[in-house]
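Colleague: dropping the sequence and predicted coords here.
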Amino acid sequence: MAGAHTRLEVLRRHLGPGEEDEQGIRQQPTNAEALTRPTPGGGAGSLTVVDNRTGKRYEIPISEHGTIKATDLKQIKAGGDGVGLRTFDNGYVNTTACKSAISYIDGDAGILRYRGIPIEQLAQRSSFLEVSYLVVYGSLPTTSQLQRWTDAVMRHSALPVAVEQTIAALPHDAHPMGTILTGLCALSTLHPEQNPALAGQNIYQSREVQDKQIVRLIGKIPTLAALAYHRASGRKPAQPNQNLGYAENFLYMLDAGSHPGYRPNPRLARALDILFILHAEHELNCSTSAARHLASSGVDVYTVVAGAVGALYGPLHGGANEAVLRMLERIGSVENVGPFLEGVKNRKERMFGFGHRIYKNYDPRAKIIRQVAEEVFQIAGRDPLIDVALALEAAARSDEYFVKRKLYPNVDFFSGLAYRAMGFPPQFFTVLFAIPRITGYLAHWRESLTDPDTKIVRPQQDYRGEWLRGYQSMEERPQQMPPGTDELGPVPPSNAYVRRISGQNW
């Protein structure tokens, strides 16, 4: 009964607008009408535009999903260079770049769904491999489908020797994300039979070829991550054990060493599995957008995924949970929370882990990760920074400055504490983000292959540079450039270079 009650609560939250709970988080009560999706953007119709520059009137069709075609604006012209009207949307704040059926986010209501299923239900009842099948193929698998999927993914978990040798050539202190990128690029070169540049641009029309690359990438990324982890430790990871679960096998590779009978703590394996579920997919974020951008060129899927992982590497994207941990360490104690928040309001401090480009409510993943962190603390010991985090959350959510700006904890706020309690160093946190997000990248890659609207991505620019200049010879150029002219700054030589050139016949 308790499980059924929890599921009903989750569904109620996803059914329509409602009141706030005791924590100030907006909940959604049961509403039969809300079982049908509200008309996106108000639905179909037309937009009447009057160009005040010319007095001309235009009718722009609005689709049933509340969008207009950007190309319809090209007809609006007012002389000049003859180029029609364009939208300027730096950062794609209000631009729909594709049609997708993979995940749905309602940031105002704090809702995330994979293929229509609330993230809370998936975290509570599913496994990462089952969720990855759902995200990639669109439906929860049957018993036989899940078995076939699990067998295929785990069967492809071993890395080619050439990949291991490539990574062995890297410095021992290479950042693990750089190691992951190196491994993905190496994998691309080892499978020429799937590369459109070599096998023909229609190679991915084969479902068999698609599926093969999907299971390869999802299967090998934990092994690649384990190799990256131990690149710094100097130890060799255990070979993958395909008889274990996905997260369990990853922990096994990290910790088994030369003991094949070793088994990770099942509660920690389940906690990591839930974290993987929460990070599997998140619509058109920066790195997923990069994946679609690259895929539009027809490049091989390993390069697509490597490019997306490269975007994830950025501290404004996948590295944010590490920034949260550094912030909490700097605050140090509960007593320092108040002065820190005052510093934030005075713009002397920067607060990480609060607010989100999409969510204007409590990130549903953050609530789950908070519970997972408590489970991990029961095994690994309570991190004293969790008390700082809880005090910071409570203080921020009772302060009008943050409430008015709708700044709620996001997925990064508690995840770093959970990962640190599991023994992962901060520089490895983004890798733990990348492992499950490969699933989302592959789902979008696969979806783009069959989308009739897919075109090579080529945005326009708003040119602001010099209009026309003639080439000047060196003698004609001013030798003293005007103030503000951009130029190469000092590039000091290394001490090793100075030592070398101080010798003779170098």
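Modeller: Great, that's in hand.

Colleague: please count neighbours and contacts with C-alpha atoms only from this point.
Modeller: Fine.

Colleague: can you pull out the strands in the chain?
Modeller: Per DSSP state E, the chain carries strands over the ranges 45-51, 56-62, 103-106, 111-114, 117-118.

Colleague: between the ones you listed, which gets nearest to Pro38?
Modeller: Closest of these to Pro38 is strand 103-106, at 11.8 Å (criterion: Cα to Cα).

Colleague: could you say which of the strands of the chain is packed most deeply?
Modeller: Of all the strands of the chain, strand 111-114 has the most neighbours on average by mean count of other Cα atoms under 10 Å, namely a mean of 23.

Colleague: please export the C-alpha coordinates of that one as CSV.
Modeller: Output in CSV follows, covering the C-alpha atoms of strand 111-114 (Å, rounded to 0.1, in the frame of the first residue of the first chain):
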residue,chain,number,x,y,z
ILE,A,111,8.4,18.1,-14.0
LEU,A,112,10.7,15.8,-15.9
ARG,A,113,9.5,12.8,-17.8
TYR,A,114,11.3,10.2,-20.0
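
Colleague: which strands or helices does it pack on?
Modeller: strand 103-106 (3 or more Cα pairs under 8 Å, 6 or more residues apart in numbering; DSSP states H and E).

Colleague: try 10 Å this time
Modeller: With contacts taken as 3 or more Cα pairs under 10 Å, 6 or more residues apart in numbering; DSSP states H and E, strand 111-114 sits against strand 103-106, helix 119-125, helix 128-137, helix 266-278, helix 364-380.

Colleague: nearest to Gly219, of those?
Modeller: helix 128-137 (10.1 Å).

Colleague: okay, angle between that closest one and helix 266-278 too, please.
Modeller: Here the directions of helix 128-137 and helix 266-278 differ by 10 degrees (axes from the mean of the first three to the mean of the last three Cα atoms, to 10 degrees).

Colleague: next, the buried residues of helix 128-137.
Modeller: Buried residues in helix 128-137, counted by 16 or more other Cα atoms under 10 Å: 128-136.

Colleague: could you report the neighbour count for Arg207?
Modeller: For Arg207, the neighbour count with other Cα atoms under 10 Å is 10.

Colleague: cool, the one 10 residues further on as well?
Modeller: Here the neighbour count serves as a burial measure; for Leu217 (other Cα under 10 Å) it reads 23.

Colleague: list the contacts for the residue nearest to it when sequence neighbours are not counted?
Modeller: Counting by Cα to Cα, 6 or more residues apart in numbering, Ile438 is the residue found nearest to Leu217 once chain neighbours are left out, at 7.5 Å. For Ile438, the contact set (Cα atoms under 10 Å, 6 or more residues apart in numbering) comprises 132, 214, 217-218, 221, 279-281, 288, 305-306, 308-309.

Colleague: pick out the most distant pair among those.
Modeller: The largest separation in the contacts of Ile438, counting by Cα to Cα, is between Ser132 and Ala306 at 18.7 Å.

Colleague: count the neighbours of Gly423 for me.
Modeller: 10.

Colleague: identify the residues contacting it.
Modeller: Gly423 touches 380, 417, counting by Cα under 10 Å, 6+ apart.

Colleague: same check on Ala174?
Modeller: Applying Cα under 10 Å, 6+ apart to Ala174 gives the contacts 167, 228, 231-232.

Colleague: so which of these is the closest to Gln472?
Modeller: Ile167 (48.0 Å).

Colleague: the closest one and Gly66, how far apart?
Modeller: In this view, Ile167 and Gly66 are 48 Å apart by Cα to Cα, to the nearest Å.

Colleague: quick revisit: could you save the helices and strands packed on strand 111-114 as a markdown table and add columns showing mean pLDDT?
Modeller: Below are the helices and strands packed on strand 111-114 laid out as a markdown table (pLDDT from 0 to 100):
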| stretch | mean pLDDT |
| --- | --- |
| strand 103-106 | 93 |
| helix 119-125 | 96 |
| helix 128-137 | 98 |
| helix 266-278 | 97 |
| helix 364-380 | 91 |
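
Colleague: redo these as TSV? Include distance to Pro237.
Modeller: Formatted as TSV, the helices and strands packed on strand 111-114 follow (distance: least, Cα to Cα, whole Å):
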stretch	distance to Pro237
strand 103-106	34
helix 119-125	28
helix 128-137	22
helix 266-278	17
helix 364-380	22
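
Colleague: more neighbours, Ile167 and Gly66?
Modeller: A direct count of neighbours by other Cα under 10 Å for Ile167 and Gly66 places Ile167 higher, at 22 against 15.

Colleague: quick one, what contacts that one?
Modeller: 174, 178-183, 186, 224, 227-228, 231.

Colleague: could you turn the buried ones of these into a PyMOL selection?
Modeller: Buried subset of those, written as a PyMOL selection, criterion 16+ other Cα under 10 Å:
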select buried, resi 178+179+180+181+182+183+186+224+227+228+231
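
Colleague: mind listing which of the contacts of Ile167 are in helices?
Modeller: Applying DSSP state H to the contacts of Ile167, the entries found in helices are 178-183, 186, 224, 227-228, 231.

Colleague: report the two of those residues separated the most.
Modeller: Farthest-apart pair in these is Ala186 and Arg231; separation 16.4 Å (Cα to Cα).

Colleague: starting at the chain centroid, how far to stretch 313-328?
Modeller: Mean-position distance between stretch 313-328 and its chain equals 13 Å (Cα atoms, centre = their mean, to the nearest Å).

Colleague: for stretch 441-460, same thing?
Modeller: Per Cα atoms, centre = their mean, the centroid offset for stretch 441-460 relative to its chain is 17 Å.

Colleague: now swap in stretch 305-320 and tell me
Modeller: On Cα atoms, centre = their mean, the centre of stretch 305-320 falls 7 Å from that of its chain.
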